[in-house]
Structures are given as C-alpha cells and as structure tokens.
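Chemist: Need coordinates for the below:
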Amino acid sequence: MTPFQSELTYPAIATACAIVGSVFDVKSRRIPNIVTFPAFLIGLLLHLGFGGWRQMLSSLAAGVICGLVFLVFYLAGGMGAGDVKLIMAVGCIAGMQHIAYILALTAIAGGVMAVGLALVRGKLQETLLNVGELFAHHRSKGLQPHPDLNISNAQTLRLPYALAIAGGCILTLYFHVG
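Modeler: Next up is the predicted model:
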C-alpha cells in the first residue's frame, strides 16, 4: 500500500465502521458486539497485513487509548459501553497517526450535535444548567455517576453518540483528503 493509500484507507474504513455503528445506535440505542468486535479484529489484521507486527501493535495501542478516553465518560455515567467499544474499534482501524484527529473532532462533533439537539427540543437553558451541575458533581464526587443526570435516566436528553464518532471520522477523512 502506498503512503497516500494508507493515509486515506484507514480513516475511510474507520468511517465506514462508525457509520454502521451509528445506524444501530440510532435505530436501537445500542451498538452490538457483532459490529465492534469484528471491526476491532479487522483493524488489527489490516495493520498486520500492510505494516507488520509493529504496526499491528501500534494499532492495538491506538484502540486502547481511544477506549480509555471514552471509558472515563462511561464510568461517569455519560455514555454507554457500546460507544466505548465503537471508539476502540475505530481507533484500532484508523491507527495511531489518526486518533488525535478522531478524538478531537469527535468531541467537537458531539458538542455541536448536543447543542443542536438541545435547541431542537427547546431545552438549551436546562441543558447548560445541567452541564454546570455535572461539573460540580464530578468535582466533588469524582467519576461517580450523577444520581439524576446520567444515561439511565430516560428523562434526560440523550444523543446517540455513535453519530458524533461517525462525524469525527468523516471530518478526519475530510481533513486528510483536503
């Protein structure tokens, strides 16, 4: 694989994985293991096949780093385990050279989507107050989930975060093409 091809191939495959995860997340509010585990393995095998053991281990590290970043939000009650597994798979496929872009652009996409959702539902002020409440809670209680403001509460606004992951992947691909 030429450097140009690998520069685009890995984020393109990661984007496809994130889009598939998004479809499941939007339809069922779950990202099944049948999506995440094979994608994780495909990422490892792609990197092994095109770059050898060293690149495969780097790919594994990229997946673990992405997973650890999202694990913090899972432990705090802000996202589901499927989101953590999806970002691990995406990170593993994309590889170490792309995860900083993917993580940063996913955070931006998620923030924009969250504000948009709050605006559409007419709950922007309430959402902003809740963000302040969450900061105060986590400052005093650590990663312990807030008793009311967590993904288990059906009354809170919930964004299928796989959409943000897909958005981050699409933006990463865009910035690498452009």
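Chemist: what about L129, how many neighbours?
Modeler: L129: 11 surrounding residues under other Cβ atoms under 10 Å. Heads up, the C-betas are built off the backbone N, CA and C, glycines and all.
Chemist: name the helices or strands packed onto the helix or strand where it lies?
Modeler: Using DSSP states H and E, L129 maps to helix 124-141. If you count contacts as 3 or more Cβ pairs under 8 Å, 6 or more residues apart in numbering; DSSP states H and E, helix 124-141 packs onto helix 96-120.
Chemist: any weak-confidence spans in the protein?
Modeler: 1-6, 178 (pLDDT under 70).
Chemist: Just the CA coordinates for the helix holding L129, please, in PDB.
Modeler: Provided in PDB are the C-alpha atoms of helix 124-141 (Å, rounded to 0.1, in the frame of the first residue of the first chain):
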ATOM      1  CA  LEU A 124     -30.800  24.600  25.800                       C
ATOM      2  CA  GLN A 125     -31.000  26.600  29.000                       C
ATOM      3  CA  GLU A 126     -31.900  23.500  31.000                       C
ATOM      4  CA  THR A 127     -29.000  21.600  29.300                       C
ATOM      5  CA  LEU A 128     -26.500  24.300  30.100                       C
ATOM      6  CA  LEU A 129     -27.600  24.400  33.700                       C
ATOM      7  CA  ASN A 130     -27.300  20.600  33.800                       C
ATOM      8  CA  VAL A 131     -23.700  20.800  32.500                       C
ATOM      9  CA  GLY A 132     -22.800  23.100  35.300                       C
ATOM     10  CA  GLU A 133     -24.500  20.700  37.800                       C
ATOM     11  CA  LEU A 134     -22.400  17.800  36.300                       C
ATOM     12  CA  PHE A 135     -19.200  19.700  36.700                       C
ATOM     13  CA  ALA A 136     -20.000  20.500  40.300                       C
ATOM     14  CA  HIS A 137     -21.000  16.900  41.000                       C
ATOM     15  CA  HIS A 138     -17.900  15.300  39.400                       C
ATOM     16  CA  ARG A 139     -15.600  17.900  41.100                       C
ATOM     17  CA  SER A 140     -16.800  16.700  44.500                       C
ATOM     18  CA  LYS A 141     -17.700  13.000  43.800                       C
END
